[in-house]
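Participant: Predicted model and sequence below, questions to follow.
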Amino acid sequence: MLLFDSITFSLSILSTVPITRAAFYYPTPAISFLEHILVDNWGAYASNFSSAITPCTNYVSQTGTTGLNSGRTTAAQWMRVMFHDFITANVSAGTGGIDASIGFETAREENKGMADLVALGTVMSNNLCGGAQMPFRPGRVDAFEAGKTTGVPAPETDLEETLLFFERAGFDKVDAIGLTACGHTLGSVHHGGFPEAVDESFVTPSNTNGGSNFDTTRGVFDPNVLGEYLNGTGKKGGPLVMSYNDTMNSDKRLYESDKNATMRTLFAQGVGFLDTCAELMGRAINTVPAGVQLSESIAIMPFKPFNTTFDFDQDGRLTLSGKIRILTPAAWHVGAEDEWDEYGTE
Ligand code: HEM
């Protein structure tokens, strides 16, 4: 990171940046902070949000061996939380969606901004764990009470009701199959929580919650769940396809509901499946109550000042000091699809 103590220096940097990138500030401190979480994953000024997600098999709630042996996955938990917050949307009534109504305590002032964090956690889990790069639009508004709409698909929910839940949230059958397959490329179903789906034999000293993984790559956002399901290899689609208790096989009922046509189409996309997921999950996280206006996607700033202050020096001159984050881009295109390396020298 470079430290500058005069506005003159900043202006000379400005002149090297194309005019469209000359804006040095985001419209609000909240958006600037969300950009910090999204972009500053490593380096001197890291937000450390990403270190909770990566490595993508990480479980942040427990440390050391206990966490490693928990069989739980933080990246996957972000996505599941997002799904549960989203699925009670009623798009025709304009209610629900990503508003963090899932967590009542969000009414507390100290948790303000949770709705954007639910979406951001999903974007970052996807982006950092192998998915196609998803843009992030800020501007969600936290709910102050539970949503009026209830009902989240559970493993024992029948197909008709499951599809009604998705339809209510604006997702048809093809979308519902796609979004579920996308979510179920990460993580596991746990005996602790779902003993009716995953039997006790999964609980071992190195898997203390008895996680049964959806595919052979629990910590990678990849298309493996599709091939393993269709070809009967690896995890064969996972615990909600292969459960010893057929009532709990909700993924099987959903995937088979159009005779596997959607699963085959998704599989034929190869890594293009990741783009489909970015699109579907993008729709889910951008489903917000009527009246909530999301901002444009956060564009990454190559030069971003932070910790800036105005002071008067001993001669009474006004000085601007602070730090400037400089990113070296793989390509000079501003956007979430780019790869940026952060470097810093003091
Ligand atoms: C019919 C629809 C669905 C049903 C019945 C369902 C059910 C479940 C269940 C029972 C679990 C196990 C949770 C645990 O043991 O901790 C699970 C895990 C998970 N679900 Fe779903 N799900 C559905 C759709 C989705 C969708 C649409 C997404 C997101 C896009 C999603 C994302 C996840 C993720 C990432 C996990 C792993 C969580 C972890 O490892 O902690 N699910 N799901």
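Facilitator: Noted; the coordinates are in hand.

Participant: what does this structure put close to the ligand?
Facilitator: Residues of the chain lying close to the ligand by Cβ under 6 Å from any ligand atom are 72-73, 76-77, 79-80, 83, 153-155, 162, 179-180, 182-184, 186-190, 193-194, 250, 254, 281. Bear in mind the C-beta positions are built from the backbone N, C-alpha and C, glycine included.

Participant: Contact partners for the most centrally placed residue in the chain?
Facilitator: By Cα atoms, centre = their mean, the mean C-alpha position of the chain lies nearest to Thr122, the distance being 0.9 Å. For Thr122, the contact set (Cβ atoms under 8 Å, 6 or more residues apart in numbering) comprises Trp78, Met79, Met82, Met134, Met281, Ile285.

Participant: Same question for Met124.
Facilitator: By Cβ under 8 Å, 6+ apart, Met124 lies in contact with Ile37, Leu38, Phe49, Ser50, Ile53, Trp78.

Participant: 7 Å - rerun?
Facilitator: Going by Cβ atoms under 7 Å, 6 or more residues apart in numbering, Met124 touches Leu38, Phe49, Ser50, Ile53.

Participant: Output those in TSV, with distance to Pro27, neighbour count and pLDDT appended to each entry.
Facilitator: TSV is the format used below for those (distance: Cβ to Cβ, whole Å; neighbours: other Cβ atoms under 10 Å; pLDDT from 0 to 100):
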residue	distance to Pro27	neighbour count	pLDDT
Leu38	15	21	92
Phe49	21	17	90
Ser50	24	18	91
Ile53	27	24	93
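
Participant: Sitting in strands, which of those do you find?
Facilitator: Among these, DSSP state E puts none in strands.

Participant: between the residues you listed, which is nearest Gly238?
Facilitator: Nearest to Gly238, judged by Cβ to Cβ, of the contacts of Met124 is Ile53 at 21.1 Å.

Participant: any idea how far Leu226 is from the residue of the stretch 201-346 of the chain found nearest the ligand?
Facilitator: In the stretch 201-346 of the chain, the residue that lies nearest the ligand is Ser250 (4.0 Å; Cβ to the nearest ligand atom). In this view, Ser250 and Leu226 are 17 Å apart by Cβ to Cβ, to the nearest Å.

Participant: ok, these two, which is more surrounded?
Facilitator: Leu226 (26 against 21; other Cβ atoms under 10 Å).

Participant: And the more buried one, which helix or strand is it part of?
Facilitator: Using DSSP states H and E, Leu226 sits within helix 224-231.

Participant: what's the following helix or strand past that helix in contact with?
Facilitator: For helix 224-231, the following helix or strand on the C-terminal side (DSSP H and E) is helix 239-242. When contacts are defined by Cβ under 7 Å, 6+ apart, helix 239-242 is touched by residues Pro155, Val189, Ala197, Val198, Ser212, Tyr229, Lys236, Met248, Asn249, Ser250, Asp251, Lys252.

Participant: Format those as a markdown table; extra columns: pLDDT and distance to Ser206.
Facilitator: A markdown table is the format used below for the contacts of helix 239-242 (pLDDT from 0 to 100; distance: Cβ to Cβ, whole Å):
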| residue | pLDDT | distance to Ser206 |
| --- | --- | --- |
| Pro155 | 96 | 25 |
| Val189 | 97 | 17 |
| Ala197 | 97 | 20 |
| Val198 | 97 | 16 |
| Ser212 | 98 | 14 |
| Tyr229 | 98 | 26 |
| Lys236 | 98 | 22 |
| Met248 | 98 | 24 |
| Asn249 | 98 | 26 |
| Ser250 | 98 | 27 |
| Asp251 | 98 | 25 |
| Lys252 | 98 | 28 |
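
Participant: Show me the two of the residues you listed that sit farthest apart.
Facilitator: Within those, Val198 and Tyr229 form the most distant pair, 17.1 Å apart (Cβ to Cβ).

Participant: Thought Thr308 was touching Arg325, still the case?
Facilitator: No - between Arg325 and Thr308 there is no contact under Cβ atoms under 7 Å: 11.5 Å.

Participant: Same drill for these two, tell me which one is more crowded.
Facilitator: Each of Arg325 and Thr308 has its neighbours counted (other Cβ under 10 Å); Arg325 has more, 21 against 15.

Participant: The more buried one belongs to a strand?
Facilitator: Yes - secondary structure assignment (DSSP: H, G, I helix; E, B strand; the rest coil) places Arg325 inside a strand.

Participant: what's near enough to touch it?
Facilitator: Met1, Asp40, Tyr45, Lys304, Phe306.

Participant: beta partners for it?
Facilitator: On the basis of DSSP bridges, Arg325 is bridged to Lys304.

Participant: does Gly219 belong to a helix or a strand, and which?
Facilitator: Judged by DSSP H and E, Gly219 forms part of no helix or strand.

Participant: taking the contacts of Arg325 one by one, which sit in strands?
Facilitator: Lys304, Phe306.

Participant: hmm, which of the contacts of Arg325 are the buried ones?
Facilitator: Among those, those classed as buried by 16 or more other Cβ atoms under 10 Å are Asp40, Tyr45, Lys304.

Participant: Fine by me, we can end here.
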